[in-house]
Every structure is written in structure tokens, then in C-alpha cells.
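Participant: turn this into a model:
(2 chains)
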Amino acid sequence: MYELLAQLAKYLIIGLLYYLLYNFLKIMIMDIREYDQEGPGYFLQTEEGKEIPLLKVTTIGRAVDSDIVIDDPYLSSKHALIYKKGNSLYIQDLKSTNGTFLNGVKIRKPVKLKENDVLVLGSKKYILKRRELNEPSD
Amino acid sequence: MSPQIENIYNKSAAVFAITGIVNFLLLSYFNKALGLGIFYSALIFLAVFFLCYIVNYKFIESSDTYLFIIPSLLVELGLTMLCRINPDLFKRQLLFYIAGSFLFIFSTLLTKYFIKKINSPMLFFILTFIFLLLPVLFGVERGGARNWILINGYFSFQPSEIAKLFYVFYLASNLREGRIEKLHRLVLEIFSIIVLLILTRDLGGAMLFYLTALFMIFIATSRYDYFLLGFIVIVLLGGASFYRMPYVRARVLAWLDPWQDVPGRGYQIAQSLFAIAQGGFFGTGLGLGHPDYIPAVATDFIFSAFTEEFGFLGGQALILLYFLLVYRGVRISLFSKDPYLSLISAGLTVFFGLQVFTIIGGVIKLIPVTGVTLPFMSYGGSSMVISFTAFGVLNGVWISTRREEVME
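Facilitator: Reported below is the predicted structural model:
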């Protein structure tokens, strides 16, 4: 009798343990999503006045898996990367063919960005802007 | 906290309770001599858990409840095994859990208010040093290492466990600028701590303290040269101890080939491997294995006993639970903007992760066995209480990080 109960309990407990693990993994995934979506409040303004919001890590390029996909024949498939480190934003060129220009200067190392910087990627020009402080979403 | 996450937490707490009730009812049936006494103690355990759980997320703002649920789950599984192996140890461990869970809350609050105010490296170094010096002077030998202190001949504790916390604080306060100011002094201080541990023959502990320092220096300074140099030093020291210390030699040889001398040198590891193999995928079932064949089963080898009765799948779930805790610690460390807090949480996480790796790796013959406890599962008051305190500190760091974010 005890053997039978112990056998049943064993399957039940292993099942429960994995159910718990599944729940904790779900929390983990939700954390990571939340982290991803928390943008630094900066965005890029195109010449046409369109606004492109930036994430904590944003890749720009022609490839469809970039965070910002821009259809521009002068752009490389993975062209540049803008990321937040501490409280500042940095841009890094990803060895693109035509280069990334910050205020008219071609960048070679990751460079710190500030508001109203002018970026030239491929054939187009972008201006970095900061959104007016809204209510922080929690 | 979003309602969705709150919902998951509540569900997890419910599953936690069901697991406990099933396990302990079964054990009351298994151990007829104690009968329902076991079940009643389990109810006390669950009551303490729910009390602390509710305090944690109702009364402490933005507390990371996750850091309390998973350790409690590990304690629950550990208690199940202890109760099955030796009911006396089970009762004492239950008391340690109660102390530990209250200390979790206490250290959370303490960290929240005081952590930034005390950051003198000298103070923490002296505290670490004193706690490690105590066993050298008044230590009692247990299981090959002389790292126990007896008070009144009844109450005993391991000062090296307490030293662990101060040591992490010491390193964090020393490295918080992101660079090393006086390298020779830091190295001297770290090595004096290691020497104290070696004097008590706590070699597993010495390795953990050394590696924690190495990782924390790397995290703080991002210097590969220090890391590489430190790594070469530990390899050389390991090699030297293999030739100079017969105790280390026996352990390493037992690891390389336990089958050469199964009744002697390789006994521990061979029995541990037999037990794990006996379990298969789903295990033998609670109470149907033979943990009494494994030496030191309540402390170092509790993982093998658990794997025997709950199988490979159960053991794997345990490892994943530890992994999730480490992930959570890393996350807290990445979120904190203050380098001191970030380093404290990184250090505590590194220490915890290394300890789990060392002992689980030891019992499954991945690395040589060293006598460190499996946090939260092994029988042992000092280990349990200090592990809970360490997670309380992590929780406190998380809360103060969140508060700063809101104030920004």
C-alpha cells in the first residue's frame, strides 16, 4: 500500500515541481520583456519629421531582424547600434560599408550621444531628440 | 507589481503548500513511530512560510517575493529528505528555517535603511578576520575540518558562514570605485583570509573565498590580466596542495577513479553515484530508496539522496531552481546603479552559485568532492540562517534600487 502511494506521490511531486519551474520561467520572461520595452525616452527624428523611438539597445539596418528597419540601399544590413549605458546613450558603427557619421564626422569607436546630434546613416539624416518627460509608466 | 505577476506568485505559493502537504502526509504514513507528529510540524512550517510570504509582499514595498519562495521550496524539499533520513535532524532544521525566514525579513529591512551608510573596507576586513580566526583558536573538528565553534557544549555554529557575508561586503567596499587602489594590500588581505581557512583545513571554503574575490575583482575592474593571473595562481596552489597535502590527494584520486578503492577512498563518491543511478528517470519514490548507504547524507550528499528518490527529473528541477535564484541575483546586480550595491549583490550571487556548483558537481563526480553544504537543503543551522540573511540583503538591495528609480 505504501509503495503504491509513494509511486503516485513521486509523479505528482515531480509534476508540481516542473509546474513551479514553468511559472518562474514565465516571470523571468515577463521581466525581460519589461526590461526591453523600457526605452530611455530618446527618439530619432527623420528629415520628414517621423519619430522613431529608441530602446535600451537598438540595432539599425536593412535586415528584417533589426529593431529599426530602414529601406535604404546605402545602408548595410546591420548598420549601427545605439545603446544606453548608465545614463547616457552611445552609438556604435557595426562595420558598415558606408559608415556612420555623427555631426559630420565618421565614427570609429562607440561615441556618446547628446540631444540634437545629427546622425547620417546611409543616404538619410536623423536628429536625436528627447521626449518631454511624461508620467513614468510602471 | 503587476496583477499578473502577483497571480503567479499566489499560484506558486499554493503549489508549494500542496507539495508540502503531500510529502509530509506520506512521511507520516512512512514513519509510523512519529505518525501525525510529522504532519503537524509540517503545518507549522507552512504557517511560518505563509506568514513571512504575506509580510514580504503586503508590507514591504516592491519586495522581491521570488527570493523568498524558491529558497523556501528548496528548504521544503530538504526537510522532506531530512525527515525521511533522520527525524531528529528534521525537527532542528525546522527551527533553523523559522529563524532563517525571520532573519530574511530583518536583513531586508536592515539593508534597506543602513547599507549605504556603512562602507568601510577596514571594518569589514576586521570582522571577516575575527570570525575566521575564532575557529583557528577555539575550533572543534567535525568531518575533517576544524571550523566549528561550540558554545556551552551544545549550541554550535560555523563562523566561516558569517565571515562569508562580511567578506563580500569587504570586497565590494574596496572595489566600489571600479579600480584597485593598492593592489599589494588587497592581495595581502585576501591571502591572509585564505590562510586562516586553510589552517582550519576548510579547503572547499578557501577555494570559494578565493574564487569569489577573483570574480568580484573581474566584475569591478573588467581587467582580464588580473583574472588570468589569479586563475594561474589558483591552479598552481591546487597543484601544490595535491603533492603536499595527503588529504587533497586522496580526494582527487577518489574523484579520478572511485572504482579503484570502493570500500576505502572512493566510498563516498561511489555510494553517491550508485544512489543516483538507482533513481533512474523518475526515482524510486519517497521512502523507497536507501539513503542510509550514503555517507554524510544529511549534509553534503543530500542531493544524491534526493535524486535517488525523485529521479533524474527531480534532481534536474533542483538544479534549475538554483539556477533561477542565481539569475535573479544577477538581475538585481545589473539593475542597481550604485556600484557598491551592484557589487554586493554580484558577490553574494557569485558566492552562492559557486557553492552550489561545488557541492552538486562534487556529488555527481564532475569535480572532486569538497565539504561545503548545499545551501538551503543540507542540514545545518549556520548555513541556513546565513543563506537566508544573504538573500535578505539581496532583497534589500533590490528595494533600494527600485526606490531610487521612482525618485529619479
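Participant: tell me who's in contact with the residue of the stretch 151-300 of chain B found nearest chain A.
Facilitator: Minimum separation of the stretch 151-300 of chain B from chain A (C-beta to the nearest C-beta) falls at residue B:285, amounting to 3.6 Å. Every residue, glycine included, has its C-beta placed from N, CA and C. By C-beta atoms under 8 Å, 6 or more residues apart in numbering or on different chains, the contact set of residue B:285 is A:3, A:6, A:7, A:9, A:10, B:309.
Participant: now do the helix or strand where residue A:29 lies: which elements does it pack against?
Facilitator: Assigned by DSSP states H and E, residue A:29 belongs to helix A:2-37. Secondary-structure packing of helix A:2-37 (3 or more C-beta pairs under 8 Å, 6 or more residues apart in numbering or on different chains; DSSP states H and E): helix B:3-30, helix B:66-85, helix B:302-335.
Participant: what's the first helix or strand after it?
Facilitator: Helices and strands here follow DSSP H and E; after helix A:2-37, the next one along the chain is strand A:42-46.
Participant: with adjacent residues omitted, what lies nearest to the spatially most central residue of chain A?
Facilitator: Centroid-nearest residue in chain A, with C-alpha atoms, centre = their mean: residue A:57, separated by 3.4 Å. Nearest residue to residue A:57, sequence neighbours excluded (C-beta to C-beta, 6 or more residues apart in numbering or on different chains): residue A:83, at 4.6 Å.
Participant: how near is that neighbour to residue A:72?
Facilitator: In this view, residue A:83 and residue A:72 are 21 Å apart by C-beta to C-beta, to the nearest Å.
Participant: hmm, who's touching stretch B:53-62?
Facilitator: B:1, B:6, B:9, B:13, B:63, B:65, B:68-69, B:72, B:104-105, B:108-109, B:398-399, B:402-403.
Participant: and these, which of them are buried?
Facilitator: Neighbour-count burial (16 or more other C-beta atoms under 10 Å in any protein chain shown) applied to the contacts of stretch B:53-62 gives B:9, B:13, B:63, B:65, B:68-69, B:72, B:104-105, B:108, B:398-399, B:402.
Participant: number of nearby residues for residue A:114?
Facilitator: For residue A:114, the count of nearby residues is 10 (other C-beta atoms under 10 Å in any protein chain shown).
Participant: mind listing what it touches?
Facilitator: Contacts for residue A:114 (C-beta under 8 Å, 6+ apart) come out as residue A:128.
Participant: report pLDDT for it.
Facilitator: Residue A:114 carries a pLDDT value of 82.
Participant: show the backbone phi and psi for it.
Facilitator: Torsion angles at residue A:114 (phi, psi; degrees, to the nearest 10) stand at phi -130, psi 170.
Participant: measure it to residue A:3 for me?
Facilitator: 72 Å.
Participant: so where's the stretch 301-408 of chain B shaky on pLDDT?
Facilitator: Counting by pLDDT under 70, the low-confidence segments of the stretch 301-408 of chain B come to B:405-408.
Participant: if any of the contacts of residue B:285 are buried, give me the PyMOL selection for them.
Facilitator: Restricted to buried positions by 16+ other C-beta under 10 Å, the PyMOL selection for those reads:
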select buried, (chain A and resi 6+7+9+10) or (chain B and resi 309)
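Participant: number of residues surrounding residue 12?
Facilitator: I'll assume chain A. Neighbour count for residue A:12, taken as other C-beta under 10 Å: 15.
Participant: wait, I meant chain B there
Facilitator: By the measure other C-beta under 10 Å, the count of residues near residue B:12 is 22.
Participant: any residue of stretch B:264-280 touching chain A?
Facilitator: No. Under the criterion of C-beta under 8 Å from any C-beta of the partner chain, chain A is not reached by stretch B:264-280; the shortest gap measures 10.2 Å.
Participant: lovely, talk soon.
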